Each structure stands twice: as C-alpha cells, then as structure tokens.
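**Q** fold the stuff below for me.
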Amino acid sequence: MKKLTTLAAALLISTGALASTQVVHSEKNFNTDAFTDKAQAYEAGFAYVDNLENLSDAQLRQKLLIITQSPANNIEIDNSKVSVQEFAQQRGEIVYRAVVDVDYHFSTIKSDNH
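**A** So this is what the prediction gives:
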C-alpha cells in the first residue's frame with residue numbers, strides 16, 4: 001500500500017512538472033454597422049476599440065471568442081487598427097463600415113502530456 005501511495009504521489013508531482021505556461025498571440029476582426037458618412041464609421045470603430053479596452057478578462061474572453069483547454073488568463077490587447085470599407089447595400093447607395101482589427105495575447109497552461 002505504501003508503494004502504491006508513493007507511486008501515485010510521484011506521478012502527480014511529475015504530471016504537474018510537465019505543465020508550463022504559454023503565451024498565445026492572436027487577432028480578431030470586428031465590423032460595425034453601416035453609416036452614410038465615412039467619419040461616422042471611423043468614430044464607431046474607435047468607440048468599439050475604447051469599449052474593448054474597458055472590458056474585464058471574462059468579458060474579453062467572450063468578445064474575442066477565446067476557446068482553450070485550460071483557462072485563458074491575463075488577456076491583453078496589444079494593438080488595434082480601424083479601417084473603413086466602402087460598400088453598397090443597394091444600387092447607388094454607398095455606405096461605410098468600420099473594420100476593427102484587434103491583436104491580442106493571453107497566457108494559458110500548456111500540458112506536455114498528450
């Protein structure tokens with residue numbers, strides 16, 4: 001029984017030693033609604049960025065759709081870029097939407113066990 005307990009403890013310790021922290025970098029694009037004015041589209045894009053920067057880790061995890069086997073921690077937005085797309089929903093009606101490109105990273109546990 002002592003050998004079994006010792007073996008189980010050794011296995012548990014060695015399994016924990018094989019886990020390490022990894023940093024994952026990724027990006028996500030978001031589109032705003034359509035606007036009749038290009039400046040309004042840019043403003044909506046920057047407002048979207050401002051909103052993202054004020055979210056908690058839990059809210060960012062949902063908004064960025066972060067799915068990992070172990071919890072994602074310390075989610076940080078590294079860079080964001082706003083561009084505007086011009087398009088037509090109907091003939092002769094040009095509208096604009098902001099495209100927000102967000103680069104971010106987070107840490108998670110990487111297990112070396114397969």
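**Q** mind listing the strands for this protein?
**A** All strands of the chain, identified by DSSP state E, fall at 19-31, 73-90, 93-111.
**Q** so Gly45 touches Thr32, yeah?
**A** Yes: using Cβ atoms under 8 Å, Gly45 makes contact with Thr32 at a distance of 5.9 Å. Every residue, glycine included, has its C-beta placed from N, CA and C.
**Q** for Leu55, what are its contacts?
**A** If a contact means Cβ atoms under 8 Å, 6 or more residues apart in numbering, then Leu55 has Lys63 as its contacts.
**Q** per-residue confidence for it?
**A** Looking at Leu55, its pLDDT is 94.
**Q** re earlier: quick one: which of Gly45 and Thr32 has more around it?
**A** The residue with more neighbours, out of Gly45 and Thr32 and counting by other Cβ atoms under 10 Å, is Gly45; that gives 25 against 21.
**Q** shared neighbours of Gly45 and Thr32, anything?
**A** Common neighbours of Gly45 and Thr32, counting by Cβ under 8 Å, 6+ apart, are 98, 100.
**Q** distance of the closest residue to His105 other than its chain neighbours relative to Tyr104?
**A** Using Cβ to Cβ, 6 or more residues apart in numbering and skipping the chain neighbours, the partner closest in space to His105 is His25 (4.6 Å). Per Cβ to Cβ, to the nearest Å, His25 is found 8 Å from Tyr104.
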